[in-house]
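Undergrad: please find the sequence and the predicted model below.
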Amino acid sequence: MNQQRKYLENLNLRKKVTLSIVLLYIFIGLPVWYQLTKVDQYDIRPLLQQEKSSIDYLFKDEDFTNLSLKIPIFLNTSETTYKFPDLIPSVQDEIDTLTRTYKEEYGGIPMSLEIKEMDELSNMDENYVVQLEHTDHVGNSIALYDKLELTVQYDDKTVHDNALPYIIAVSIVNNLFYKKNENFLANELDRSLSIMDNLSVVEYKPRVVLNFNLVVDDNVLANWDLNSIDNTLFNDLINPFIKLFENIYEFEIESNVFYNEDLNMNGVGHDIADVQAKLDYTRLNDNINFIDRDLENVINFAMVLTSSEQDSLSYNIVDWGNIYVCDKEMYLKDDSIYVDSKLIEPLLQTYLEKVFERLTYGNGDLVMNSIDLFIKRAIISNINRINKNIKAVYDMVYNLPVYTDESLNELIPEDLEPYVAEFMNRVFPSLSIPKKIYEQLREIVEKRDSLIDELANGDNVDFKRYLKESFDIYLLSERTFYDHGMVMGGYKSIKHIVAIYLPLLGPMCSIAIGGFIQLVKKPKEDPLLKVKKN
Amino acid sequence: MLVLEAFIKCIITYTLLLPFTSADVSTASFEEKLNLKLLPKDYVLFSFNFKLKSDNIISSSNALFEFKRHNGFSRSIEPLLTKNNVKNLYIKFTKGHWDSQKWGKLPNNGWSSGGSGVEIWAMMEASNKDEVIKNWNILMSEVSGLFCSSVNFINSEKITFINDIQSYYDVDLLDHIPITNEDNELFFLRGSLANEAVCTENLSPFLRILPTNGKTGLSSLINGNRLFDSYWNSMSIDINTVCTDESNCYLDTEIDINFVVNIPQALARKERPTPKPVPAEELQCDPSKKLTDWECFPLLSEKTYSFLLSDIFGTYINDSNRFNKEQVSSISITGIDDEHWSTGIKVIPRGVEDKEEIERLGLLGTSNHVYELKEHQKTNYDIYIGTTDNTKVALDESEYPPIYVTRSLTGDSQDKGVMRVAFTNPSQQREITIRYFETLPWFIRLYVSSLKINVKPYKNLNIPKFSGDAKDVILKTDVKPSIIRSAPLHMQHTLRIPKNSVVMMTFDFEKPLLNYEEYPPDSNHGFEVEAAVVVVIDESYEEKALNGEFKGHLKDHNYIMRTSTLLLTLATPDFSMPYNVITITSTLMAFSFGLIFNLLTKRVVTFEDSKKLVTERPLVRLLKGLKLKK
């Protein structure tokens, strides 16, 4: 009996020891292991789910259209022959009906055009202004390049028929926001929303470098009038041009002279195909390394003076700039070359036309209107690009590692692979991302939402400011996507950590737990006593 | 489009009425020179020197835009410097061995060449060291792209901050450096990539910086085949920002390309492009050596020969520098005497291409062997050099280097080694003061305290030997210990080397085992350790420079040289090690844990009892039953 008691005491002690080892393993070992191997884990899916609009659009290759723009239009009713006390609400009603109809018919983003009475405080250079003119006919005209002004002409009959609000509304909507789609002339009524045209090609970059290069295929000293900013070329051509883009782009101008270089244009023939085949403009891209691609547009102007069969030949390279190949003999005087303003001017005009087209991503229809439409397109494009980056981060975290984990999946027998993979995905659903990325992503989503709110509901509609803001958010989203920690795999799959530690944990785990189970199963009666009794 | 055209037409009309105004005169300039120095034993040193000055780099800006101009000056240089707040930048590519015993001092007192590989010095403005390192890293990646070199590997693990700046930089130029922010400081940094391969793709960017584009002027001679088929070559670019006032700053740039060629070999390359033995009838044997019907030691070169530069370079000089009317291109030949050597220039008018006709053209000579290329018409040039006795080339006393330095690693242990540096002052008249600037990678764990120094006579001459304490030759020591995986060990010793003496310094160091991923792909090749810099100081000049009494240029007073690079072999691991370690550790852990676990939880019984217990187990019973049945 005494021996049986001793046995039980011993068995209990052994059970306690094993239990304490198992408890130590569970309560200290596992947390320590977890703490040591843990990486920041943030699930970014709820972040995307929180959005007001559904996240579905992120996963479709479509432009983001869940955005409404609130655009103020100032109507000058003070300088009219008649007084119209209720003209503004009437025009507003007509415009609302028209935009709604057009939206249903042609699609695009919803716009709320808000008609306001013009006052002295409003900035008339930056906003749409509608002037009324009493004449003997009905019609409208648009200001050219200095302001966003629409003049609506009306006659007495219009007033008598109470058709003025409708005429004003149609003039605004048709001239400023909807236009006939030139590609489908067959249908006269076919219109599209100007703002949405080719949205994906618009890539706003705030800095513009106009690079003027004089390329001389000779060993003589050369100079030109673009070397000085106090020059007629600047005063009359370049400065007014840059003024058009004030607060939209920041300009930098370079004037470079290259010697002993011909861009392989020496003896080029009349045929433009010959230029196309021979041209090697990469030789001018000396500082290509220093261009910050996210921030800068570089548009080149290259005047190549070489032995050429004709006086001048121009060639435009999309996204690069213009090249003008000229015969150097025309400019060579007394062992030096000088190109003066008269000779540069015509070339500069064609160049600026191309620059204008490139900067507004348009066809150069109307100067101020093109710029204004570009601003709105660029804002929407920036929001689209932000969305794409959010999606890209999401993909990187949730989709890409699936492929990287394939190496681990290879260890699993092929038949079991789908089940094991599903099990692993269920047990370890979220992959880890660095805290910094998570916070930046949250900031991007918040800022983007508040920008969308302001565009739809804000009172002080300063689109140039919104353009800058949207671009800043876009830059942040780019930084987030290309973050060093993300790119270099700072995020790690939990499966990977488990795989690394499994060889170590497996045997110890099985010994400790197996030993504990075996002890629990031990009979209460001492087997030795039993044997001895037998 | 119509509106834009109308807008432009208005402007044209207005413009045409305005009086014509001419552009500002560009302040950029360009100079080029070539010096040929005949060295003993038929070697010749070609030294090309190009000086460029940029236009004003302070952008003229109005309210609308910023304006920059570059007339003939490479536009890639200016953003490289301004973007990263770099004021001065010196880049040196060097390859080969400069035999100072034979050839004397390095060209330009050593200031235009670096240690074998790539060496970069930069003076940068920043608020603190972290900022300067950040900018340095960006600068390196851009330089790496511009000069097609791997200098982006010169990171914080390799850079050193220079303290005694007056030994390496003309301190009076500091006043001309513009400081963007008054709270900032200037940092002088140096980094090097030992034994980096230098080849044609590194030369092309140098030529592209020149307005002559390597096509005209003296640069038309330079080509990769010739330059890199030399015994020693060096290409360097020194860019200094100089300001005359707040709104006028320019980049003062100097490019030096030096290389040493063996004349007979270069000429033979032209005659026999593929190596063939000299025909027996042309073979000249050295009578001072063994000479039989079957054995002949060929004479290294004939005593008398003449050649044209076109024979060596395979091309004529294509015209001259026409960008600077005051400083025309010039070629000078030095190291020769008039008695045994003659030189001349051949002016080849454009259009003359027939070889015989060119050969018939006459030579023009000058007494000082300096030739200016200043023909009004575009012309080709060639230079003639002839000798009646090629041994009559001797170095002046002043052309011998003031110091010889050897540096080596000794010791055959896998974990310890010794670094040995010997400084030789061959002068029998005067002692010299030097600054020994050493940068060692963090994985050479050098014990600075293990320094042993001794002084021995260089030659046994009848002059008094050094009799003082050897440790007294060290005047000053600055040490910045290495930080593992972050910063190199930097030490600078100022030494006074007695005349006719060899000062030997030895340091012990430890070779650690690196982390698995720190070994390069070819880890058994060893680790290249960069060259140390040795500056022979003109003390009186330095004192005056520091007191503000300037006299001359630093480069005329201090002689700078580099030791050879070193190859350090570290114990390299078996690269499957980590996986083995994981497996073995896991097994051992499981074994030991299992044993301890069993000891703690199993019951201890006697052997006899355990036997009885075992017989009671079901499996044993079953086996017994089976046996009985049989």
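TA: That came through, no problem. Treat the numbers as computed from the prediction; the structure is a model and nothing was measured.
Undergrad: pLDDT weak spots in the stretch 251-400 of chain A?
TA: A:285-290, A:364-366, A:397-400 (pLDDT under 70).
Undergrad: let's see that with 80 instead.
TA: Scanning the stretch 251-400 of chain A for pLDDT under 80 picks out A:267, A:269-271, A:282-294, A:308-311, A:334, A:362-369, A:394-400.
Undergrad: which parts of it are strands?
TA: Assigned by DSSP state E, counting those that start in this stretch, the strands in the stretch 251-400 of chain A fall at A:296-306, A:312-317, A:321-327, A:332-333, A:336-339.
Undergrad: so which elements touch the last one?
TA: Strand A:336-339 sits against strand A:221-224, strand A:296-306, with contacts defined as 3 or more CB pairs under 8 Å, 6 or more residues apart in numbering or on different chains; DSSP states H and E. Just so you know, the C-beta spots here come from the backbone N, C-alpha and C atoms, and that holds for glycine as well.
Undergrad: what's the closest non-adjacent residue to A:L305?
TA: Leaving aside its sequence neighbours, A:L305 sits nearest to A:K328 (CB to CB, 6 or more residues apart in numbering or on different chains; 3.9 Å).
Undergrad: go ahead and confirm the one you found touches A:V339.
TA: No - with contact defined as CB atoms under 8 Å, A:K328 does not reach A:V339; the gap is 10.1 Å.
Undergrad: who has more neighbours out of these two?
TA: A:V339 (23 against 20; other CB atoms under 10 Å in any protein chain shown).
Undergrad: report the contact partners of the more buried one.
TA: By CB atoms under 8 Å, 6 or more residues apart in numbering or on different chains, the residues touching A:V339 are A:214, A:222-225, A:303, A:305, A:331.
Undergrad: I'd like the residues you listed as TSV, with neighbour count appended.
TA: Below are those laid out as TSV (neighbours: other CB atoms under 10 Å in any protein chain shown):
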residue	neighbour count
A:L214	24
A:A222	24
A:N223	23
A:W224	26
A:D225	23
A:M303	25
A:L305	26
A:Y331	21
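Undergrad: near chain B, which residues of the stretch 151-300 of chain A are found?
TA: A:219-221, A:223-233, A:235-237, A:239-240, A:242-243, A:246, A:250-261, A:286-287, A:289-290 (CB under 8 Å from any CB of the partner chain).
Undergrad: 7 Å instead, please
TA: Selection of the stretch 151-300 of chain A residues close to chain B by CB under 7 Å from any CB of the partner chain yields A:219-221, A:223-225, A:227-229, A:231-232, A:236-237, A:239-240, A:242-243, A:251-257, A:259-261, A:286-287, A:289-290.
Undergrad: ok so, going back, what is the nearest of the contacts of A:V339 to B:I257?
TA: Among the contacts of A:V339, A:A222 lies closest to B:I257 (CB to CB), at 25.6 Å.
Undergrad: so how far is chain B from the residue nearest to the closest one when sequence neighbours are not counted?
TA: Computed as CB to CB, 6+ apart, the closest residue to A:A222 that is not its neighbour in sequence is A:I337, at 3.9 Å. Look at A:I337 and chain B: by CB to the nearest CB, to the nearest Å, they are 11 Å apart.
Undergrad: quick one, domains of the chain?
TA: Picked chain A for this. Domain segmentation of chain A under automatic domain parsing yields A:2-38+A:497-533, A:72-195, A:203-360.
Undergrad: wait, chain B
TA: Using automatic domain parsing, chain B is parsed into the domains B:53-59+B:79-258, B:402-568, B:577-629.
Undergrad: the shortest one: end-to-end distance?
TA: Domain B:577-629 stretches 55 Å from its first residue to its last (CA to CA, to the nearest Å).
Undergrad: kindly report the same for the longest one.
TA: Across its full length, domain B:53-59+B:79-258 reaches 21 Å end to end, with CA to CA as the criterion.
Undergrad: how about low-confidence regions in the stretch 451-600 of chain B?
TA: In the stretch 451-600 of chain B (pLDDT under 80), the answer is B:461-463, B:516-517, B:542-552, B:575-583, B:585-586.
Undergrad: try it again with 90
TA: Applying pLDDT under 90 to the stretch 451-600 of chain B flags residues B:459-471, B:513-525, B:538-556, B:571-600.
Undergrad: near chain A, which residues of it are found?
TA: B:582-583, B:586, B:589-590, B:593-594, B:597, B:600.
Undergrad: for those, which one is nearest chain A?
TA: Nearest to chain A, judged by CB to the nearest CB, of those is B:A590 at 3.4 Å.
Undergrad: SS state for the closest one?
TA: helix (DSSP: H, G, I helix; E, B strand; the rest coil).
Undergrad: what about the helices in chain B?
TA: B:2-17, B:77-83, B:100-103, B:129-146, B:200-209, B:224-228, B:263-271, B:309-313, B:355-360, B:539-547, B:554-557, B:577-601, B:607-615, B:618-629 (DSSP state H).
Undergrad: oh sorry, the question was meant for the stretch 101-250 of chain A
TA: A:156-161, A:164-172, A:232, A:239-244 (DSSP state H, counting those that start in this stretch).
Undergrad: one more: the stretch 401-534 of chain A?
TA: Under DSSP H, counting those that start in this stretch, the stretch 401-534 of chain A gives helices at A:406-409, A:417-427, A:435-457, A:463-481, A:484-487, A:494-521, A:527-533.
Undergrad: okay, those helices in a markdown table with mean neighbour count, mean pLDDT and distance to B:N108 next?
TA: A markdown table is the format used below for the helices of the stretch 401-534 of chain A (neighbours: other CB atoms under 10 Å in any protein chain shown; pLDDT from 0 to 100; distance: least, CB to CB, whole Å):
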| stretch | mean neighbour count | mean pLDDT | distance to B:N108 |
| --- | --- | --- | --- |
| helix A:406-409 | 13 | 53 | 57 |
| helix A:417-427 | 12 | 65 | 67 |
| helix A:435-457 | 17 | 87 | 50 |
| helix A:463-481 | 19 | 93 | 46 |
| helix A:484-487 | 12 | 70 | 42 |
| helix A:494-521 | 15 | 72 | 57 |
| helix A:527-533 | 14 | 75 | 96 |
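Undergrad: can you pull the contacts of the residue most central in space within chain A?
TA: For chain A, the residue nearest the mean C-alpha position is A:R385 (2.9 Å; CA atoms, centre = their mean). Counting by CB atoms under 7 Å, 6 or more residues apart in numbering or on different chains, A:R385 touches A:Y474.
Undergrad: now B:T569
TA: B:T569 neighbours (CB under 7 Å, 6+ apart): B:G526.
Undergrad: do I have it right that the residue nearest to A:L305 meets A:D217?
TA: Yes - applying CB atoms under 7 Å, one finds A:K328 in contact with A:D217, separated by 6.3 Å.
Undergrad: which neighbours do these two have in common?
TA: A:305-306.
Undergrad: picking up where we left off before, roughly how far does the residue nearest to A:A222 sit from B:N71?
TA: According to CB to CB, to the nearest Å, A:I337 stands 12 Å off from B:N71.
Undergrad: kindly report the same for B:T477.
TA: Relative to B:N71, and taking CB to CB, B:T477 is found at 49 Å.
Undergrad: same check, this time on B:E196
TA: 33 Å.
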